[in-house]
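Chemist: one predicted model, sequence on top.
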Amino acid sequence: MVRRESKATGARETALQILHEIDQGEAYANIALKRLLDAREWTKLDRAFITELIYGVVRNQKTLDWVLEQQTRRPLAKTTAWVRNILRMAAYQILFMDKVPPPAATHQAVELAKKYGHAGIAGFVNGVLRQLIREREKLEYPDLVREPVRHISIKYSHPDWLVERWLKRYGTEGTIALCQVDNQPAPVTIRTNTLKTSRDGLIEVLAGEGVKAEPGCLTTESIRINGLDHIDGLPSFAAGLFLVQDEAAQLVSHVLNPKPEQFVLDACAAPGTKTTHLAQLMQNKGQILAWDIHPHKIALIEENCRRLGISIVTAKEGDARRLPHDLLGKVDAMLLDAPCSGTGVLRRRPDSRWRKTPETIFSLQKLQREIMSGALPLLKPGGVLVYSTCSIEAEENLENIRWALQHFPGLELDPLPPFLPETIFRQEDLDTAAKGYLQLLPHIHGTDGFFIARMQKSLTS
């Protein structure tokens, strides 16, 4: 048994420890990475190296395993988790990190194998990686025409079941483009806190902090950040001048379009990112009930409100399937940002693709419909509901909207164009938006994958 040291001695060893935790199902990539990066002082270069190594290995895990098995002619599953991840890390550096000399990646992998394995394993690791260096220009993936699912799933590192369903919807080129985007680091976008500053004013403040920033395209508050991932350490963040949020997610609150003095329900609110945006749009006037089932996340909602200077939000713990009966028919505007599969944000949650199954989609669809059944009766006549997910699966999106319209008489889709920017969408997007819903896709719109639908309850319901 190899003793695991309590403190990492270098960037690669820290990355290995995180990958081992993820591999054993003990941690999510983003949480484990943040915890270990915060545990000690790292140079900016080391932070960037560890982050790329972790996310790169997890994103490209299927590709790396297939490539390595071509060299070993035996399943990686027969090696220990430590050795498996040592090989993956080195293979990622050899195949994807041009600035790392392959001999250096191999040497470091061998040293780690000696520590986390034994002399024989170190020799095995050395042999596999040296062969990979020799053969890397000759790698041949399964044929795209004969085996499209296998080709795409291996070359672009996605689960077979996900590739298969995307091929039916987006075709070969669209599926490859979507998978490629999923394997790239997600852009950093922030939302200006308009209760404290303007977008131009915030860009000026950020420039003074040495941050390169430019206006976004989808909303009037969005700002795109270049070359900085540790943004919560900025003085402007502590001062509550902004919150990190993708442009697609920002668009959700604009589509709901809440007004000052309204009573608004955010039915699945944590961590309060959209809740606080609703408060901004309401000019911090009125009342927002932020409801969430997770007790530990209520504090996150409250902390975000405090930092941003928002006072109209009341955060409550509870199940959105069983909302208080005394609210029946009293809600002016409701946001239902439903728990979902997250297939639109795989670039942000690189390990998520390996945790989902086809059954995940259908179990979530059931939950989403139960939440709608519990929440929709709270809308007053004339009230507005926005349903959103960060999924790109029809079962969680349009199929749910059709179900809701069928099961709740008096509920109708409401056109989106009045709430959307005019110039950035395709004609087919504008056509669906005119009907009351919109599907944003990472490889087409450059945002996270998001579904947004707006519905209104008739005045006579």
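Modeler: Received the coordinates, thanks. Numbers count the residues shown, from 1 in each chain.

Chemist: am I right that residue 300 sits in a helix?
Modeler: Yes - secondary structure of residue 300 (DSSP: H, G, I helix; E, B strand; the rest coil): part of a helix.

Chemist: who's in contact with residue 161?
Modeler: Contacts for residue 161 (Cβ atoms under 8 Å, 6 or more residues apart in numbering) come out as 357-358. The C-beta positions use only the backbone N, C-alpha and C, and glycine is treated the same way.

Chemist: tell me which element it falls in.
Modeler: If you go by DSSP states H and E, residue 161 is part of helix 160-182.

Chemist: which residues of the stretch 1-150 of the chain fall in helices?
Modeler: Per DSSP state H, counting those that start in this stretch, the stretch 1-150 of the chain has helices spanning 11-23, 29-38, 44-59, 61-72, 81-96, 102-116, 119-135, 148-155. These are given in chain order.

Chemist: who touches the first one?
Modeler: With Cβ under 8 Å, 6+ apart as the contact definition, helix 11-23 has outside contacts at 4-5, 8, 27-29, 32-33, 36, 42, 46, 49-50, 53-54, 57-58, 81-82, 84-86, 88-89, 108, 112, 116, 351.

Chemist: same deal with the longest one?
Modeler: When contacts are defined by Cβ under 8 Å, 6+ apart, helix 119-135 is touched by residues 67-68, 70-72, 83, 86-87, 90-91, 94-95, 102-103, 105-106, 109-110, 113-114, 117.

Chemist: just the buried ones from these?
Modeler: Among the contacts of helix 119-135, those classed as buried by 16 or more other Cβ atoms under 10 Å are 67-68, 71-72, 83, 86-87, 90-91, 94-95, 102, 105-106, 109-110, 113, 117.

Chemist: hmm, back to that, and the buried ones among the contacts of helix 11-23, selectable in ChimeraX?
Modeler: Listed next is the ChimeraX selection for buried residues among the contacts of helix 11-23, using 16+ other Cβ under 10 Å:
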select :8,27,28,29,32,33,36,42,46,49,50,53,54,57,58,81,82,84,85,86,88,89,108,112,116,351
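
Chemist: by mean pLDDT, flag the weakest helix or strand of this structure.
Modeler: None of the helices or strands of the chain scores lower by mean pLDDT, DSSP states H and E than helix 29-38, at a mean of 87.

Chemist: and it, what does it pack against?
Modeler: Helix 29-38 makes packing contacts with helix 11-23, helix 44-59 when contacts are defined by 3 or more Cβ pairs under 8 Å, 6 or more residues apart in numbering; DSSP states H and E.

Chemist: please save the CA atoms from the first one in CSV.
Modeler: Provided in CSV are the C-alpha atoms of helix 11-23 (Å, rounded to 0.1, in the frame of the first residue of the first chain):
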residue,chain,number,x,y,z
ALA,A,11,1.9,20.7,-9.6
ARG,A,12,1.7,17.3,-11.3
GLU,A,13,1.3,15.5,-8.0
THR,A,14,-1.5,17.8,-6.9
ALA,A,15,-3.2,17.2,-10.2
LEU,A,16,-2.8,13.4,-9.7
GLN,A,17,-4.4,13.6,-6.3
ILE,A,18,-7.4,15.5,-7.6
LEU,A,19,-7.8,13.1,-10.6
HIS,A,20,-7.7,10.2,-8.2
GLU,A,21,-10.5,11.7,-6.1
ILE,A,22,-12.6,12.3,-9.2
ASP,A,23,-11.9,8.8,-10.6
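
Chemist: coming back round to it: next SSE downstream of the helix holding residue 161?
Modeler: For helix 160-182, the following helix or strand on the C-terminal side (DSSP H and E) is strand 188-192.

Chemist: after that following strand, which helix or strand is next?
Modeler: As assigned by DSSP H and E, the chain's next helix or strand after strand 188-192 is helix 199-208.

Chemist: where does the stretch 351-461 of the chain dip in pLDDT?
Modeler: 461 (pLDDT under 70).

Chemist: where along it do the helices fall?
Modeler: 358-375, 398-407, 427-435, 442-445.

Chemist: residues in contact with the least confident helix or strand of the chain: which ones?
Modeler: Contacts of helix 29-38 (Cβ under 8 Å, 6+ apart): 8, 14, 17-18, 21-22, 26-27, 47, 50-51, 54-55, 58, 348-351.

Chemist: same check, this time on stretch 360-373
Modeler: Stretch 360-373 is contacted by residues 267-268, 320-321, 336, 338-341, 387, 389, 391, 393, 395-396, 399-400, 403-404, 407 when judged by Cβ under 8 Å, 6+ apart.

Chemist: just the buried subset of these, please.
Modeler: Buried among the contacts of stretch 360-373 by 16+ other Cβ under 10 Å: 267-268, 320, 336, 338-341, 387, 389, 391, 393, 395-396, 400, 404.

Chemist: keep only those of those residues that are in strands.
Modeler: 336, 387, 389 (DSSP state E).

Chemist: surely the last one touches residue 335?
Modeler: No - proximity of residue 389 to residue 335 does not meet the contact threshold set by Cβ atoms under 8 Å, at 11.8 Å.

Chemist: low-confidence stretches in the chain?
Modeler: For the chain, applying pLDDT under 70 flags the ranges 1-9, 229, 461.

Chemist: tally of neighbours for residue 378?
Modeler: 22 (other Cβ atoms under 10 Å).

Chemist: nearest spatial neighbour of residue 182, skipping sequence neighbours?
Modeler: Among residues not flanking residue 182 along the chain, residue 346 sits closest, at 4.3 Å (Cβ to Cβ, 6 or more residues apart in numbering).

Chemist: which residues sit in contact with residue 87?
Modeler: Contact analysis of residue 87 by Cβ under 8 Å, 6+ apart lists 64, 68, 76, 79, 109, 125, 128-129.
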